[in-house]
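Engineer: sequence first, then the predicted structure:
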Number of protein chains: 2
Amino acid sequence: MAETNRQITLAARPVGYPKESDFKLIETPVPVPAEGEILIRALYLSVDPYMRGRMNDVKSYVPPIQIGEVMGGGVVGEVLESDNPHFQEGDIVEGLLGWQEYAVSNGQGLRKIDPEIAPISTALGVLGMPGLTAYFGLLDICDPKAGETVVVSGAAGAVGSLVGQIAKIKGCRVVGIAGTDEKVAYLVNELGFDATFNYKTTDNYYQKLQEQCPGGIDVYFDNVGGEITDAVFMLINTKARISICGQISQYNLEKPEIGPRLLWTLIVKQARVEGFLVFQFADRYAEGILQMARWLKEGRLKYAEDIAEGIENAPQAFIGMLKGQNTGKQLVRIS
Amino acid sequence: MAETNRQITLAARPVGYPKESDFKLIETPVPVPAEGEILIRALYLSVDPYMRGRMNDVKSYVPPIQIGEVMGGGVVGEVLESDNPHFQEGDIVEGLLGWQEYAVSNGQGLRKIDPEIAPISTALGVLGMPGLTAYFGLLDICDPKAGETVVVSGAAGAVGSLVGQIAKIKGCRVVGIAGTDEKVAYLVNELGFDATFNYKTTDNYYQKLQEQCPGGIDVYFDNVGGEITDAVFMLINTKARISICGQISQYNLEKPEIGPRLLWTLIVKQARVEGFLVFQFADRYAEGILQMARWLKEGRLKYAEDIAEGIENAPQAFIGMLKGQNTGKQLVRIS
C-alpha cells in the first residue's frame, strides 16, 4: 500500500467549461480507519455531468463542493481493512467516496458488488447510477408503449445509450441524437437504434427529427436541452411524455441562454414534462438493478466504457465528458 | 321572431391583437330546422381566450376558423322549435353554436340547462367549460394538499378566479396574479385569496412572489405564461406541480417571444409541468358540474360576470377580454 493518498480537490469555481487549473492534485496521508470503519482503495472513479452543478456556489439539491474540498463522486473500490462486521478485506464496494485513491467509511451508503455478475466497473454504469437513471427516468416517468416513437438526446452517453436500448426492449421506434459520426453509427450498428443524427453537423433539427419521426414523438428523454429540445417540443404527439434528466448544453454557459417560449405546445398536445433525480427512486433501486442485470445477461443490453488511466487524469476525463468526447460511461481507472 | 339572423364572421386573420375590422357582422335568413332538428335562439354567447388560436391559419387540436365562417363558441339559448324528441320548446340549452343569434342543431353536443339550479348564464362559466377547466386542471393535474401554496396567473379571469377558490376550499394558501388594482382587491376581499399582486405595476415578479410565498410554490396554475411563469419556475418547491391551462400573454404577439431556458429547475425540484385541454376530461364532466354546483349552493364559490350587450358588441368584448379588461366570465347577452 502506498503511503500517500492522492486526491483531486476543487481549486477554483469554473467560469464556463472547467479548466484543469480549476482542480488541484494534492497528497495527504492514507487515512486510518476508526472503530467500526473500513479502508477502501479506489479502483474506478466515475465522472458525471451532475458534478458540474456542484462546482458552482449555488444551493441545489445537494450543497456545493467547497474550494479545497475533495471532488465528490461515485467510486468502485476494494476493502483493504475492515473493523465493520458487514464488510471484509477483499470485498468490492461502490459508494460516493470522491476523487481520491483511498477513503474510509463507516459503511453507510456503501453497496457490496458481486464480481461474478458483471465486471465491477459496471457498478458505476449500467448496474449503477446511470443504469438506474435510464431505467426509472424512462419507464416510470414516460411509460413508453410498443410502437411509440422515443427520442433520446445525449444518446451515446452513459444514460442515453441505455435509455435507447430499454426503449427498444419495450418495442419502441428509437431515435438518438449525438455529437459525432462515430457515435451515431455506433447507436445504429451496435445498439440497434432505428435512426440517429449528429447534431453538430445538422443545421435544422426540426426538419431532421420530422424526417426521422414520421409519426411524431411520443416520448422524449432529455439529457441535453437547448435547441434540440426546442425542436422536439414542436413535434410531440398528443399525450407525449418528456423526461428531463439533464440539460448538459446549459451547464457550461457563461451566461444563461434564452430560447423560444414553448409551454403552449404542452397545452395543445396535452403533454407532460417531468424533471427527476434518480434518488427519488431509491426505495426501488433493487428492482432496477435486478432488471438491468437480467437484460445484460440475456444480451439485450450492451454498454460501452471510456476509461482514462490514473487519478491525475480525472479532471481531463471530466472536462472531455462535458464536451461529449466519451462514448458510453466515462470512468477513471486507478492503477 | 326576427326574420334575419345576425352573425359574426371572421373577416381577416388578425396580426397581433384582433381588431374590430377582423370581424364582420352579416345578416342571413333565420335557418329552418330540418327533420329531427331544433331551432335555438341565443341568449348568451361566450368569448374565451382559446378562440384567438382558432383565428390563426394553424392546425391545432381543432381546425382553424375559415375566413367568412361564423366565429365558433359556446352559447346558451332557448329552444324555439323542436322536431327532436329530446328537446321541447322553451328548453334552455348550452352548446357550441357560434356567434349568431339563431342556430339549428340535431341535438348532438347540446346540454339541457336547469334554470332552477343557477342563472342560465353560469352554463358558460362556473357551471360550464371554465368551471370544468378550473376543477380538473387544478384538482386532477395538480392535486393540491391542505397547507400547500398555490399560485394562479390570470387570477381574476373566468377560470383563474375559480381555481383560487377551489384551492382555498382544499385548504391551500392562494396567491393570485392579475392586471388591475381593482382585480387584486376583489380577489382578496371578495374571493378570499391570501395574497395578490398587480403584475402591471410590479417590476420584479420574482421578488414579489418570494414575499408572498415565503414557503415556496407547490402548485402553479398558469393561464398567462411569459415572465410571470419564469418567476414561478425559479420559486417552485420539490415535487411541485404546474398545470398549463393557457398562455394568453403569448397569443397576440406579432413574433414569438423568447425567454430564459428553465427546464433545469424541473430536474433539481423533481417537478412536473402538464398542459391540458378540458375535453380530455369529458367523461367526467358530470362529476365536475355536480361538485361545482354543490360548492356554489353552499356559498363556497362566488363568480363574477362581465356582460356586453348585443351580438354587434361581441368582437369588442372578445378583444377586451384578451386585453384583460374583464373580471370573471366575459359574456355577450343577446337581447
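Structural biologist: Nice, thanks for sending it over. No experiment lies behind these values; they were computed from the predicted model shown. Numbers count the residues shown, from 1 in each chain, chains lettered A, B, ... in the order given.

Engineer: which SS class is the residue nearest to the spatial centre of chain A?
Structural biologist: For chain A, the residue nearest the mean C-alpha position is A:P130 (4.5 Å; C-alpha atoms, centre = their mean). Secondary structure, DSSP: H, G, I helix; E, B strand; the rest coil: A:P130 is helix.

Engineer: distance of it from chain B?
Structural biologist: 15 Å (C-beta to the nearest C-beta, to the nearest Å). (C-beta placed from N, C-alpha, C; glycine too.)

Engineer: correct me, but that residue touches A:A158?
Structural biologist: Yes: at 3.9 Å, A:P130 counts as touching A:A158 under the criterion of C-beta atoms under 8 Å.

Engineer: mutual contacts of those two, please.
Structural biologist: A:D48, A:K329 (C-beta atoms under 8 Å, 6 or more residues apart in numbering or on different chains).

Engineer: which stretches in the stretch 1-150 of chain A count as strands?
Structural biologist: Assigned by DSSP state E, counting those that start in this stretch, the stretch 1-150 of chain A shows strands spanning A:4-10, A:23-29, A:38-46, A:75-82, A:92-95, A:102-105, A:111-113, A:149-153.

Engineer: make sure A:I307 is indeed in a helix.
Structural biologist: No: membership of A:I307 in a helix is not supported by three-state DSSP, which gives strand.

Engineer: contact residues of the stretch 101-250 of chain A facing chain B?
Structural biologist: Residues of the stretch 101-250 of chain A lying near chain B by C-beta under 8 Å from any C-beta of the partner chain: A:D222, A:G225, A:G226, A:T229, A:T238, A:I244, A:C245, A:G246, A:Q247, A:Q250.

Engineer: B:K59: which of the residues you listed is nearest?
Structural biologist: Of all those, B:K59 sits closest to A:T238, with 12.6 Å by C-beta to C-beta.

Engineer: now for the closest one: which residues touch it?
Structural biologist: A:T238 touches A:K269, A:Q270, A:A271, B:Y61, counting by C-beta under 8 Å, 6+ apart.

Engineer: determine which two of those residues are furthest apart.
Structural biologist: Most distant of the contacts of A:T238, by C-beta to C-beta, are A:A271 and B:Y61, 11.6 Å apart.

Engineer: for B:V62, see how far away A:Y61 is.
Structural biologist: 41 Å (C-beta to C-beta, to the nearest Å).

Engineer: can you check A:W295 too?
Structural biologist: 43 Å.

Engineer: give me the domain ranges for chain A.
Structural biologist: A:4-123+A:304-333, A:129-279 (automatic domain parsing).

Engineer: just those domains: most buried one?
Structural biologist: Greatest average neighbour count among the domains of chain A goes to domain A:129-279 (a mean of 21), per mean count of other C-beta atoms under 10 Å in any protein chain shown.

Engineer: now do it, average pLDDT.
Structural biologist: Mean per-residue pLDDT for domain A:129-279: 97.

Engineer: could you tell me the end-to-end distance of that domain?
Structural biologist: One end of domain A:129-279 sits 9 Å from the other (C-alpha to C-alpha, to the nearest Å).

Engineer: now find how far off-centre it is within its chain.
Structural biologist: 15 Å (C-alpha atoms, centre = their mean, to the nearest Å).

Engineer: send the alpha carbons of stretch A:96-112 over as PDB?
Structural biologist: Provided in PDB are the C-alpha atoms of stretch A:96-112 (Å, rounded to 0.1, in the frame of the first residue of the first chain):
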ATOM      1  CA  LEU A  96     -19.800   8.200  -3.000                       C
ATOM      2  CA  LEU A  97     -16.200   8.200  -1.900                       C
ATOM      3  CA  GLY A  98     -14.900  11.100  -4.100                       C
ATOM      4  CA  TRP A  99     -11.900  11.600  -6.300                       C
ATOM      5  CA  GLN A 100      -9.200  10.100  -4.200                       C
ATOM      6  CA  GLU A 101      -7.200   6.900  -4.100                       C
ATOM      7  CA  TYR A 102      -8.100   5.900  -0.600                       C
ATOM      8  CA  ALA A 103     -11.100   6.600   1.600                       C
ATOM      9  CA  VAL A 104     -12.500   5.500   4.900                       C
ATOM     10  CA  SER A 105     -16.200   4.800   5.500                       C
ATOM     11  CA  ASN A 106     -18.400   3.600   8.300                       C
ATOM     12  CA  GLY A 107     -20.200   1.600   5.700                       C
ATOM     13  CA  GLN A 108     -23.300   3.800   5.300                       C
ATOM     14  CA  GLY A 109     -24.400   4.200   1.700                       C
ATOM     15  CA  LEU A 110     -21.800   1.600   0.600                       C
ATOM     16  CA  ARG A 111     -23.100  -1.200  -1.700                       C
ATOM     17  CA  LYS A 112     -21.300  -4.600  -2.000                       C
END
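
Engineer: ranges for the helices of the stretch 201-335 of chain A?
Structural biologist: Secondary structure of the stretch 201-335 of chain A (DSSP state H, counting those that start in this stretch): helices at A:205-212, A:227-233, A:248-251, A:263-268, A:285-297, A:314-322.

Engineer: separation between A:A2 and A:L80?
Structural biologist: For A:A2, the distance to A:L80 - C-beta to C-beta - is 11 Å.

Engineer: same thing with A:A282?
Structural biologist: 28 Å.

Engineer: quick one: contacts for the residue located most distally from the centre of chain A?
Structural biologist: Distance from the C-alpha centroid of chain A, by C-alpha atoms, centre = their mean, peaks at A:E35 (34.2 Å). Residues in contact with A:E35 (C-beta under 8 Å, 6+ apart) are A:D83.

Engineer: can you check A:D222 too?
Structural biologist: Contacts of A:D222 by C-beta under 8 Å, 6+ apart are A:S153, A:I228, A:T229, A:V232, A:I242, A:S243, A:I244, A:C245, A:G246, A:Q247, B:L263.

Engineer: of these, closest to A:V188?
Structural biologist: Nearest to A:V188 among those, with distances taken as C-beta to C-beta, is A:S153, at 16.0 Å.

Engineer: what's near enough to touch that closest one?
Structural biologist: A:G160, A:I177, A:Y220, A:F221, A:D222, A:N223, A:V224, A:G225, A:I228, A:T229, A:V232.
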